[in-house]
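Chemist: Turn this into a structure:
(one chain, ligands or ions: 1)
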Amino acid sequence: MNKQEVMEQGEKYLLHTYNRYPLVLDHGEGVYLYDSEGKKYLDFCAGIAVFALGYNNKEFNEAIKAQVDRLIHCSNYFYNEPSVEAARKLVEASGMQKVFFTNSGTESIEGALKTALRYAYDRDGWNGHEIIAMNHSFHGRSLGALSVTGNAHYQDPFKPLISGIRFADFNDLESVKAQVTEKTCAIIVEPVQGEGGIYPATEEFLRGLRALCDEKDILLIFDEIQCGMGRTGTMFACQRYGVLPDVMTVAKALGCGVPVGAFLCNEKASALKPGDHGTTYGGNPLVGAAASKVLDLYQSMHIVENVQKVGAYLDQKLTALAEKYEKIVAHRGVGLIHGLEFSIPVGDIIVEAQKRGLILINAGTNILRFVPPLIITEQDVDDMLAILEPVLQELL
Ligand code: PLP
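Modeler: Numbering: from 1, shown residues only. Sure, this is the predicted structure:
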């Protein structure tokens, strides 16, 4: 099929839940993507914060291929070594204690919410507990994850969602405290709000939440699906703050394109018992091999160190850019997750950058989001700006 045919057939057969850009992507190499007509794009999207290791990493590909020839799936009635290995590496990297593998971020959130409800049910012997979530958060599209997503646009058509969810303001401890009742069993928060506009939490806020949860026996859930796995310059964002949650959710870069997520619990929050939760595919040997190899490559490729170094460079460059243009009203970010907030919608900037060979995405209407592969170099940042700046000069 040529490009036009792929797009036409896509519109004909795929449910129209996305307004897709007119690009058919074909292959990738390092920090570059290539479309079906051979055009090259510098990628500052990484499949929405997924492809940390860059495209076509041979060692990663070989590990997956070897597992395909060995055993792809066997069900959770049995043990398999790749997933046990991946779980051990996740535990060692995170400081958490137990892992449940899922197939996506949203399913990791489902598991975290069920963990909190189960914990409180065991403790109190009654149900009807409440969970506090944040305004402008994003936790996924399943009904449970959507229930804790503080965005009316996503929620409204699907109401009523699960009951007992109360919303507070991010980075405002007093607003969280105001929502605590004797029924509260969990507080869920992204250490860096991603889809909501790239808002890093303050250390004071996360430490305050930890103290509040300890005082009231509430489980603290950190959603690290977008901001975890090295993106902020530590393996998990919570480690930047020196605050460990009771439950942590991960996905995206954990599989670097292979669909795998997880929720991780400390000993106290390991409340789910045999029969409480399950998934046919979750943690099968194929995704286990992928996650295990990703975690190895993070070490051997010094991913976290690279994020610290290149993240500081990107931060400095975006700060300078924000100072130069009046229509850039804010710059926020940490490591290799950044947002530039404009006083106008950023759709045209994204489309124009794309025409010139740069892939960027938004977070909300007015925010340009930078979540590149974690292997990028300072030269890649310069190359990105060499495309973006002329676009801004023309459009702002
Ligand atoms: N939580 C956060 C913070 C996310 O950014 C996302 C996806 O963007 C999700 C949850 C949902 O993950 P998934 O799309 O893999 O279901």
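Chemist: which residue is nearest the centroid of this structure?
Modeler: Closest to where the C-alpha atoms of the chain average out (CA atoms, centre = their mean) is residue 226, at 1.6 Å.
Chemist: List the contacts of that one.
Modeler: Residues in contact with residue 226 (CB atoms under 8 Å, 6 or more residues apart in numbering) are 48-49, 105, 190, 192, 194-195, 252, 337, 371. All C-beta spots, glycine's among them, are computed from the backbone N, C-alpha and C.
Chemist: I'd like to know which of those residues are buried.
Modeler: 49, 105, 190, 192, 194-195, 252, 337, 371 (16 or more other CB atoms under 10 Å).
Chemist: These in strands, which ones?
Modeler: 192, 337 (DSSP state E).
Chemist: Just the closest of the buried ones among the contacts of residue 226 to the ligand, please.
Modeler: residue 105 (2.1 Å; CB to the nearest ligand atom).
Chemist: ok, back up a step: so which of the buried ones among the contacts of residue 226 reach the ligand?
Modeler: Counting by CB under 6 Å from any ligand atom, 105, 190, 194-195 from the buried ones among the contacts of residue 226 sit close to the ligand.
Chemist: thinking again about what came up before, closest one to residue 157 out of the buried ones among the contacts of residue 226, please.
Modeler: If you rank the buried ones among the contacts of residue 226 by distance to residue 157 using CB to CB, residue 195 comes first, at 17.4 Å.
Chemist: can you pull the contacts of the closest residue to the ligand within the stretch 251-396 of the chain?
Modeler: Closest to the ligand within the stretch 251-396 of the chain is residue 251: 4.6 Å, counting by CB to the nearest ligand atom. The contact partners of residue 251, by CB under 8 Å, 6+ apart, come to 102, 104-105, 108, 225, 260-262.
Chemist: From residue 143, how far out is it?
Modeler: Using CB to CB, to the nearest Å, one obtains 18 Å as the distance from residue 251 to residue 143.
Chemist: show me where the stretch 201-350 of the chain has strands.
Modeler: 219-223, 247-250, 261-265, 328-334, 337-342 (DSSP state E, counting those that start in this stretch).
Chemist: mind putting the ones you listed in a markdown table, mean pLDDT and distance to residue 279 included?
Modeler: A markdown table is the format used below for those (pLDDT from 0 to 100; distance: least, CB to CB, whole Å):
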| stretch | mean pLDDT | distance to residue 279 |
| --- | --- | --- |
| strand 219-223 | 99 | 19 |
| strand 247-250 | 98 | 14 |
| strand 261-265 | 98 | 10 |
| strand 328-334 | 98 | 32 |
| strand 337-342 | 98 | 28 |
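Chemist: Ok, which of those strands comes nearest residue 161?
Modeler: Checked against CB to CB, the stretch from the strands of the stretch 201-350 of the chain lying closest is strand 219-223, at 17.0 Å.
Chemist: interface residues of the chain facing the ligand?
Modeler: Selection of the chain residues close to the ligand by CB under 6 Å from any ligand atom yields 48, 104-106, 109, 138-140, 190, 194-195, 223, 225-226, 251.
Chemist: Quick check: pLDDT value at the residue of the chain most remote from its centre.
Modeler: Distance from the C-alpha centroid of the chain, by CA atoms, centre = their mean, peaks at residue 125 (34.0 Å). Per-residue pLDDT puts residue 125 at 98.
Chemist: Adjust the sequence numbering to begin at 6 for everything that follows.
Modeler: In the new count, where the first residue is 6, that last one comes out as residue 130.
Chemist: contacting residues around it?
Modeler: Neighbour list for residue 130: empty [criterion: CB under 8 Å, 6+ apart].
Chemist: Domains of this protein: list them as residue ranges, please.
Modeler: 8-58+307-400, 64-305 (automatic domain parsing).
Chemist: Give me whichever of those is most buried.
Modeler: Comparing those by mean neighbour count (mean count of other CB atoms under 10 Å), domain 64-305 comes out on top with a mean of 20.
Chemist: for that one, the distance to its chain's centre please.
Modeler: Its chain's C-alpha centre and that of domain 64-305 lie 10 Å apart, by CA atoms, centre = their mean, to the nearest Å.
Chemist: Start and end of it, how far apart?
Modeler: One end of domain 64-305 sits 11 Å from the other (CA to CA, to the nearest Å).
Chemist: next one: stretch 272-290
Modeler: Using CA to CA, one end of stretch 272-290 lies 25 Å from the other.
Chemist: same thing with stretch 224-242?
Modeler: 18 Å.
Chemist: sorry, back to before: next step: the contacts of residue 256 restricted to helices.
Modeler: The helices, defined by DSSP state H, take in 110, 113 from those.
Chemist: tell me which of the contacts of residue 256 is nearest to residue 252?
Modeler: residue 113 (9.5 Å).
Chemist: tell me the contacts of that closest one?
Modeler: Per CB under 8 Å, 6+ apart, neighbours of residue 113: 107, 230, 254-256, 266-268.
Chemist: Kindly reformat the residues you listed as TSV and extend each row with distance to residue 11.
Modeler: Shown next, in TSV, are the contacts of residue 113 (distance: CB to CB, whole Å):
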residue	distance to residue 11
107	30
230	29
254	34
255	32
256	27
266	29
267	33
268	36
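Chemist: about what we covered before: show me the contacts for the closest residue to the residue of the stretch 256-401 of the chain closest to the ligand other than its chain neighbours.
Modeler: Of all residues not flanking residue 256 in the chain, residue 266 sits nearest, at 3.1 Å (CB to CB, 6 or more residues apart in numbering). Counting by CB under 8 Å, 6+ apart, residue 266 touches 106-110, 112-113, 230, 254-257, 259-260.
Chemist: Then residue 12?
Modeler: Going by CB under 8 Å, 6+ apart, residue 12 touches 25, 27, 29.
Chemist: And residue 115, by the same measure?
Modeler: Shown in contact with residue 115 (CB under 8 Å, 6+ apart): 107, 147, 149-150.
Chemist: pLDDT at it, what is it?
Modeler: 98.
Chemist: Check residue 387 too.
Modeler: pLDDT at residue 387 comes out at 98.
Chemist: Give the phi and psi angles for it, as a check.
Modeler: phi -60, psi -40 (degrees, to the nearest 10).
Chemist: Distance from the helix or strand containing residue 12 to the middle of the chain?
Modeler: Applying DSSP states H and E as the criterion places residue 12 in helix 8-18. Put simply, helix 8-18 sits 29 Å off its chain's centre (CA atoms, centre = their mean).
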